[in-house]
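**Q** Sequence first, then the predicted structure, then my questions.
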Amino acid sequence: MKWISILLLLLLLGLQYRLWVGEGSYAHIARLERELEQQEQTNERLQQRNKLLEVEVEALRKGNEAIEEKARNDMGMIKEGETFYMVVEPKDS
């Protein structure tokens, strides 16, 4: 009877270890849930970025206005006959 009690106690301790510390424990599940939430936030941010890029690509496919705007903003291009003015703000010292 003594051995059975010791065996059952060891079994209980082993199961308690897995419940609190091992894989599948409360701490492990909480960590996985936090990681999942972070990944979902990252995915949402990337989906929004992808939607913006899709809109930009579609605008570039449809007309020259978007292409001209992109060239002006990204590459500093100007049309023939235009005069380029650069306004420089003074540095606050």
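**A** Received the coordinates, thanks.

**Q** Compute the distance between N64 and Y26, please.
**A** Taking CB to CB, to the nearest Å as the measure, N64 falls 60 Å from Y26. Quick note: C-beta positions are derived from backbone N, CA and C, even for glycine.

**Q** Work out for me the element M86 sits within.
**A** If you go by DSSP states H and E, M86 is not part of any helix or strand.

**Q** tell me, how many neighbours does it end up with?
**A** Neighbourhood size, M86 [other CB atoms under 10 Å]: 5.

**Q** do the one 3 residues further on as well
**A** If you count neighbours by other CB under 10 Å, E89 ends up with 5.

**Q** next one: E37
**A** E37, neighbours per other CB under 10 Å, totals 10.

**Q** State the distance from it to L12.
**A** Counting by CB to CB - E37 and L12 are separated by 33 Å.

**Q** What of E80?
**A** 86 Å.

**Q** And R45, by the same measure?
**A** 46 Å.

**Q** show me the contacts for W20.
**A** Contacts for W20 (CB atoms under 8 Å, 6 or more residues apart in numbering) come out as 26-27.

**Q** Pick out the residue nearest the middle of this structure.
**A** T42 (2.1 Å; CA atoms, centre = their mean).

**Q** Quickly find the element holding that residue.
**A** With DSSP H and E as criterion, T42 is part of helix 26-62.

**Q** Quick one, grab the pLDDT at the residue nearest to the centre of the chain.
**A** For T42, the model assigns a pLDDT of 98.

**Q** Now for R61, how many residues are close by?
**A** Going by other CB under 10 Å, the residues that sit close to R61 add up to 9.

**Q** sorry, that was for A71
**A** Count around A71 with other CB under 10 Å applied: 14.
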